[in-house]
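> sequence first, then the predicted structure, then my questions.
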Amino acid sequence: MRTIVHIGQHKTGTTSLQHYLKNDKQYLIKQGLYVPEGLAGFDDTSHFMLNLYALEKERMSPLKETFEEKSPERMKGLFNQMRKDINDHYLHAKDLECDSVIWSNEGLYLLNSIEEYQSLFGLFAEHSSSTICVCCFRDVSSYRNSYQQQLKSLGIKPSENIDSYRYTQSDSWLFDYAKKTQLLNSVFNEVLTFDYEPADNVAAFLRRTGYDDKRALGHPRLNVTGLTR
């Protein structure tokens, strides 16, 4: 079994890809690709629990701050359920005779150490013969601008802590693509990167990973995600 981990850099069509994967799930199963739905009771197109799990204790993301503010005691139980759900998803993928499983979350771009990516990798290692990481990179200038605007729209104030996801100066690790690629290569069995294609990044992702993109061509661009429990 092969695992594909989509490191969805913010504002590169991650939401659009996740909705496509969910909506065309049966078509993708015929190609041998299994798309998990739901982790730890959350029915969401984004596998956001992976971000919460892999971040080191002292490091934050917007979602982790929200969860810890509301109910920090729930986290351990959610992680236990998540690991069980991951195991069940791989068993289901085998039953369907799929040879690959895909996970996708834009919060995984906010991981920033070997230890954090190893924690992520470890969730899939026992189920996989190979774990492939796929990451799309947007032009640094436009990415930095849109990322800053996104934080502002969420009411998140900038930080002077260079390790924080809130630090958005030009020397931030968020914008050092060479370092990010090197970091991913140090953990995953294979790393696939590609440049953001604003016209149709869903199709670009499928081409890069070797899947049929015909049904994805012209897929609508979506920018809003939501959580349901």
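On my side now, so go ahead.
> can I get the longest strand seen in the chain in PDB? Just the C-alpha atoms.
Using DSSP state E to define each element, the chain has its longest strand at strand 130-137. Extracted C-alpha coordinates of strand 130-137, given in PDB (Å, rounded to 0.1, in the frame of the first residue of the first chain):
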ATOM      1  CA  SER A 130       6.100   3.900   0.600                       C
ATOM      2  CA  THR A 131       4.900   7.400   1.800                       C
ATOM      3  CA  ILE A 132       5.000  10.100  -0.800                       C
ATOM      4  CA  CYS A 133       4.700  13.800   0.000                       C
ATOM      5  CA  VAL A 134       3.300  16.200  -2.500                       C
ATOM      6  CA  CYS A 135       3.600  20.000  -2.100                       C
ATOM      7  CA  CYS A 136       2.600  22.800  -4.400                       C
ATOM      8  CA  PHE A 137       4.500  26.100  -4.200                       C
END
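> what packs against it?
On a contact count with 3 or more C-beta pairs under 8 Å, 6 or more residues apart in numbering; DSSP states H and E, strand 130-137 meets strand 2-7, helix 114-125, helix 177-185, strand 190-195, helix 201-209. Where C-beta positions appear, they are placed from N, C-alpha and C, glycine not excepted.
> partners of that strand, with directions?
Paired neighbours of strand 130-137 in the sheet (DSSP bridges): strand 2-7 (parallel), strand 190-195 (parallel).
> please tell me how far the most centrally placed residue in the chain sits from residue 10.
Nearest to the geometric centre of the chain sits residue 105, at 2.1 Å (C-alpha atoms, centre = their mean). To residue 10, residue 105 is 11 Å away according to C-beta to C-beta, to the nearest Å.
> over to residue 60?
15 Å.
> pLDDT weak spots in this protein?
Applying pLDDT under 70 to the chain flags the ranges 218-229.
> could you redo the last one with a cut-off of 90?
The chain contains residues with pLDDT under 90 at 8, 11, 38, 43-45, 67-76, 199, 212-229.
> quick one: the longest helix along it to strand 2-7, angle?
When the chain is scanned for its longest helix (criterion: DSSP state H), the result is helix 75-95. Relative orientation of helix 75-95 versus strand 2-7 (axes from the mean of the first three to the mean of the last three C-alpha atoms, to 10 degrees): 130 degrees.
> packing partners of helix 75-95?
Partner elements for helix 75-95 (3+ C-beta pairs under 8 Å, 6+ apart): strand 33-34, helix 49-54, strand 100-105, helix 114-125.
> roughly how far out does the first one sit from the chain middle?
What that stands for is strand 33-34. Counting by C-alpha atoms, centre = their mean, to the nearest Å, strand 33-34 is centred 16 Å from the centre of its parent chain.
> who touches it?
Residues from elsewhere that reach strand 33-34 (C-beta atoms under 8 Å, 6 or more residues apart in numbering): 4, 28, 89, 92-93, 96, 98, 100-102, 211.
> and those, which is closest to residue 112?
Closest to residue 112 out of the contacts of strand 33-34 is residue 4 (21.1 Å), distances taken as C-beta to C-beta.
> and the closest one, how many neighbours does it have?
Residue 4 has 23 neighbours, counted by other C-beta atoms under 10 Å.
> I'd say it and residue 103 touch.
Yes - with contact defined as C-beta atoms under 8 Å, residue 4 counts as touching residue 103 (7.2 Å).
> quick check: the gap between residue 121 and residue 217.
Shown here: residue 121 relative to residue 217, a distance of 32 Å by C-beta to C-beta.
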